[in-house]
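Engineer: have a look at this prediction, sequence included:
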Amino acid sequence: AIFFLLVGLEIKRELIEGELSTLKKASLPVLAALGGMAIPALTFFFFNKGETTASGWGIPMATDIAFALAIIAMLGKSVPSSLKIFLAALAIADDLGAILVIAIFYTEQIHWNYLVIGSGIFALLLALNYFKVKSLWFYLIPGVLLWYFVHHSGIHATIAGVLLAFTIPTNDTAIESPLEKLEHFLTVPVNFLIMPIFSFANTNITFEKGMMEGLNSPLGFGIIVGLFFGKTIGITLFSWFAVQIKLAKLPSGANWQHVIGVGMLAGIGFTMSIFISLLSFSDPFHITEAKFAILCASVISGLIGFVYLKWIGNRKIG
């Protein structure tokens, strides 16, 4: 939730004064995320229609924002800085979409009393922003309560971090805002403490007999093809359509090759995809098979996406 809080702060800052500050720029990542969810889900369903694993259609819809952003950060100046913001915004929209899918299709029970209280706290935070309250404590303390009630409502709690971030005050001037103060404070602990723990905790996959053979099953094919090819095609296609109808425009300094590379990186579906697989299946073997396929797809997407974007950057420099 703290990681998502930091990302949410970055996104809001970009919405107010940066790469997402115009309708055309902001429209692109949202529409790209829609394509990056729809095409992978349809791809998975194509392979698993009529199978007992068809309920896992939501697995390849999600992008793991942490790992995707970590890899694009490793590219440094090989890619335009605007591309990193585009991927972050796309992944946030993607994760929020995945959370909605979980809430509607995979959540067995929503505890409405907790959700109503959480909504009330969010409304209070919005009111504080409206009345220009600038002390961060007036946001962080209710923010902890917001996380608690969202978590107990049955909806994935990471959304609380994003909701809190969007209520923190900011401005488009040179004066440091409360949002920028909090963003600077969180950067070091998130990068050097939270991220390593997060990565270690979520790579706990037990390798079992039959996992390799499972990659040839409809479940394995649906996940791998959905995450790598589905994400790449969906994001590129919907981005292209948005630009063609003049609803959006490409990030500054980026071209269509960069968008294809971002589509590849978005195929890293690790954490949220594994979470959805746990909700999709009751058979332990299907869960294990899905986890291994997600791991393979994420490695393929991350490795090929990194090499591809690095190659583009080096060619441009050369």
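Structural biologist: All right, it came through fine.
Engineer: helices of the stretch 201-318 of the chain, start to end?
Structural biologist: For the stretch 201-318 of the chain, applying DSSP state H, counting those that start in this stretch gives helices covering 211-214, 218-225, 231-244, 256-265, 270-280, 284-317.
Engineer: now the third one: mean pLDDT?
Structural biologist: Helix 231-244 comes out with an average pLDDT of 96.
Engineer: again, but for the first one
Structural biologist: Regarding helix 211-214, the rounded mean pLDDT is 67.
Engineer: can you tell me which residue is spatially central in this structure?
Structural biologist: The centre of the chain sits closest to residue 91, judged by CA atoms, centre = their mean, with a distance of 3.1 Å.
Engineer: touching, residue 111 and residue 154? I think so.
Structural biologist: Yes: with contact defined as CB atoms under 8 Å, residue 111 counts as touching residue 154 (5.5 Å). Any C-beta I mention is one placed from the backbone N, CA and C, and that applies to glycine too.
Engineer: how many other residues sit next to the residue lying closest to the residue nearest to the centre of the chain once chain neighbours are set aside?
Structural biologist: Of all residues not flanking residue 91 in the chain, residue 65 sits nearest, at 3.8 Å (CB to CB, 6 or more residues apart in numbering). Counted with other CB atoms under 10 Å, the neighbours of residue 65 add up to 24.
Engineer: please apply the same query to the one 10 residues further on.
Structural biologist: Applying other CB under 10 Å, we find 18 other residues in the vicinity of residue 75.
Engineer: that one and residue 54, how far apart?
Structural biologist: Remark: distance between residue 75 and residue 54 (CB to CB, to the nearest Å) = 37 Å.
Engineer: which ones are touching residue 240?
Structural biologist: Residue 240 makes contacts with 256, 259, as judged by CB atoms under 8 Å, 6 or more residues apart in numbering.
Engineer: which of the residues in stretch 99-116 are buried?
Structural biologist: By neighbour count with 16 or more other CB atoms under 10 Å, stretch 99-116 contains the buried residues 99, 101-103, 106-107, 114-115.
Engineer: can you give me the end-to-end span of it?
Structural biologist: Distance between the two ends of stretch 99-116: 17 Å, counting by CA to CA, to the nearest Å.
Engineer: that stretch - what's its average pLDDT?
Structural biologist: 82.
Engineer: what sits up against it?
Structural biologist: 37, 58, 61, 149-150, 152-156, 158-159, 275-276, 279-280.
Engineer: quick one: which of these sit in helices?
Structural biologist: Judged by DSSP state H, the contacts of stretch 99-116 include 37, 149-150, 152-153, 158-159, 275-276, 279-280 as members of helices.
Engineer: touching, residue 257 and residue 312? I think so.
Structural biologist: Yes: with contact taken as CB under 8 Å, residue 257 and residue 312 are classed as touching, separated by 5.2 Å.
Engineer: neighbour count winner among those two?
Structural biologist: For residue 257 versus residue 312, neighbours defined as other CB under 10 Å are more numerous around residue 312 (18 against 15).
Engineer: do you know how far that one is from residue 104?
Structural biologist: 38 Å.
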